[in-house]
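Chemist: Provided below are the primary sequence and the corresponding predicted coordinates.
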Amino acid sequence: MMIYTRQQATEAAAAAAAERDTIQANLLDLDGSFGKQLLAGTQLTGLSGQRWDSAAASLAAVWDIFNLYSAVIDRSVALAGGRLGQRELADISQLLTGPSVSITRVGTAPRDIADPGYENVTLATARARMRDAFTAITDVTSAAEQHWNEQAGRLDAAASALAGVNLTGDAATAADVATVRTELDRLRAALNADPLAADFAAADRLGEQCQALAARAAALAALRSGAAGQIAAVRALADSSRAAQASAVAAWQRAAAKIAAVPPVPPAPDPAPRLAALDTLLAAGRWDGLRSELDLLQRDLTAAATQFRESERTLVSLLDQRDELRGLLDAYKAKAARLGAAEDGTLSALHDSARALLWTAPCDLTAAAAAVTSYQQAVLAIGAR
């Protein structure tokens with residue numbers, strides 16, 4: 001073993017003390033960490049219980065080694081601070097580089113009858129053992145802290161969404177909220193008992209359920225506060241649909257008097273009974289049913305009004321088609337006159353046939369269109385010659 005000089009002994013003792021202080025600070029940080037407090041302060045189960053039992057035993061062993069390790073360093077520092085003769089230098093060298101830390105063996109592994117139950121190791125070996133154990137322990141505490149924080153954040157967000165749910169007059173939502181709260185409590189208890197096995201997927205599902213409940217409750221609250229206005233809006237929509245129907249029927253009557261085979265206006269049920277039912281639902285406070293019926297009625301009335309307006313456009317277009325055919329017939333009659341074929345017997349017959357169809361009520365548009373086309377083609381043929 002190398003014997004330190006006075007300067008080497010002083011410097012080595014100071015360096016060992018500084019390193020010991022760093023190790024102690026890290027061990028104290030570990031002891032005060034949230035992850036360690038979380039695991040040590042709870043009745044753990046499952047994976048967390050298994051891993052912490054092992055880690056806690058390792059941590060106790062690390063502190064035991066550290067106390068023995070620290071006592072050796074204290075002795076070397078004390079010696080280095082006094083008179084440094086050859087004996088003191090040899091003692092410091094032995095303490096700092098030799099097997100000066102007596103570590104008690106633990107466990108039930110078989111050993112020789114003459115085994116003293118402890119082993120002497122160097123400071124370097126003691127540090128290596130503490131370092132390995134410290135790494136394994138912090139792996140457990142850091143993982144537990146990370147899992148707990150992530151899962152608690154998810155659960156807090158779900159609880160926050162749930163806290164804003166208004167349950168007034170809504171038994172269905174109240175029942176769903178009670179179910180979700182039971183699941184929230186279960187997940188919190190599971191997290192505290194076994195943070196390393198946190199079920200993130202279940203927490204995410206719970207968060208989605210809470211958001212959906214909050215949205216549903218908000219929609220119902222808005223419905224409760226503005227139900228009368230929404231019912232009035234649907235009644236106005238019903239009036240608009242009835243007006244569209246009346247306009248379509250009037251257009252049908254005009255078209256049917258002048259055009260043959262006019263398509264009928266599509267029927268629509270009277271919305272009055274459903275409108276009356278809205279008042280019943282409102283008076284009974286059946287908010288889910290009221291919201292559903294408002295949505296359905298709004299959809300049906302909008303679709304009916306759209307259908308009536310489309311029917312009216314179709315009927316008006318039939319009269320427009322007849323008028324266009326009349327204009328086309330007159331235009332080609334004028335063209336025939338410019339070609340000097342006004343007295344052509346064939347042309348006259350075709351013209352009269354088309355005119356009779358167009359000026360007869362009700363007008364057969366299909367036959368009239370075919371007659372006008374025949375007259376048009378005959379005039380064009382004369383023009384080509």
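Modeler: Thanks, I have the structure now. Computed from a predicted structure; not experimentally measured.
Chemist: any idea where the helices of the protein begin and end?
Modeler: 6-32, 34-40, 46-80, 86-97, 123-163, 171-193, 200-258, 272-284, 287-338, 345-358, 365-384 (DSSP state H).
Chemist: TSV please, covering the ones you listed and showing mean pLDDT, distance to Ile103 and mean neighbour count.
Modeler: Backbone N, C-alpha and C define where each C-beta goes, glycine included. Below are those laid out as TSV (pLDDT from 0 to 100; distance: least, CB to CB, whole Å; neighbours: other CB atoms under 10 Å):
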stretch	mean pLDDT	distance to Ile103	mean neighbour count
helix 6-32	95	15	15
helix 34-40	93	23	19
helix 46-80	94	6	18
helix 86-97	92	15	18
helix 123-163	94	7	17
helix 171-193	89	34	16
helix 200-258	88	41	16
helix 272-284	86	79	13
helix 287-338	91	71	17
helix 345-358	90	117	17
helix 365-384	91	109	16
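Chemist: Let me have these in a markdown table, extended by distance to Arg105.
Modeler: Output for these, formatted as a markdown table (distance: least, CB to CB, whole Å):
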| stretch | distance to Arg105 |
| --- | --- |
| helix 6-32 | 22 |
| helix 34-40 | 25 |
| helix 46-80 | 11 |
| helix 86-97 | 22 |
| helix 123-163 | 12 |
| helix 171-193 | 34 |
| helix 200-258 | 42 |
| helix 272-284 | 79 |
| helix 287-338 | 71 |
| helix 345-358 | 118 |
| helix 365-384 | 109 |
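Chemist: just so I know, which of those lies nearest Thr104?
Modeler: Evaluated with CB to CB, the helices of the chain place helix 46-80 nearest to Thr104, the distance being 7.3 Å.
Chemist: Hey, what's the angle from that closest one to helix 123-163? Just curious.
Modeler: Relative orientation of helix 46-80 and helix 123-163, computed by axes from the mean of the first three to the mean of the last three CA atoms, to 10 degrees: 140 degrees.
Chemist: what's the angle from helix 46-80 to helix 171-193?
Modeler: Between the axes of helix 46-80 and helix 171-193, defined by the same axes, to 10 degrees, the angle is 40 degrees.
Chemist: now helix 46-80 and helix 86-97, what's the angle there?
Modeler: Using the same axes, to 10 degrees, the inter-axis angle of helix 46-80 relative to helix 86-97 is 170 degrees.
Chemist: what helices or strands is helix 46-80 leaning on?
Modeler: helix 6-32, helix 34-40, helix 86-97, strand 101-104, helix 123-163 (3 or more CB pairs under 8 Å, 6 or more residues apart in numbering; DSSP states H and E).
Chemist: Would you mind pulling the contact partners of stretch 369-377?
Modeler: Stretch 369-377 has contacts (CB atoms under 8 Å, 6 or more residues apart in numbering) with 321, 325, 328-329, 332, 347, 350-351, 353-354, 357-358.
Chemist: Same list, the helices and strands packed on helix 46-80, but as JSON lines with distance to Thr302 please.
Modeler: JSON lines is the format used below for the helices and strands packed on helix 46-80 (distance: least, CB to CB, whole Å):
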{"stretch": "helix 6-32", "distance to Thr302": "65"}
{"stretch": "helix 34-40", "distance to Thr302": "57"}
{"stretch": "helix 86-97", "distance to Thr302": "90"}
{"stretch": "strand 101-104", "distance to Thr302": "84"}
{"stretch": "helix 123-163", "distance to Thr302": "32"}
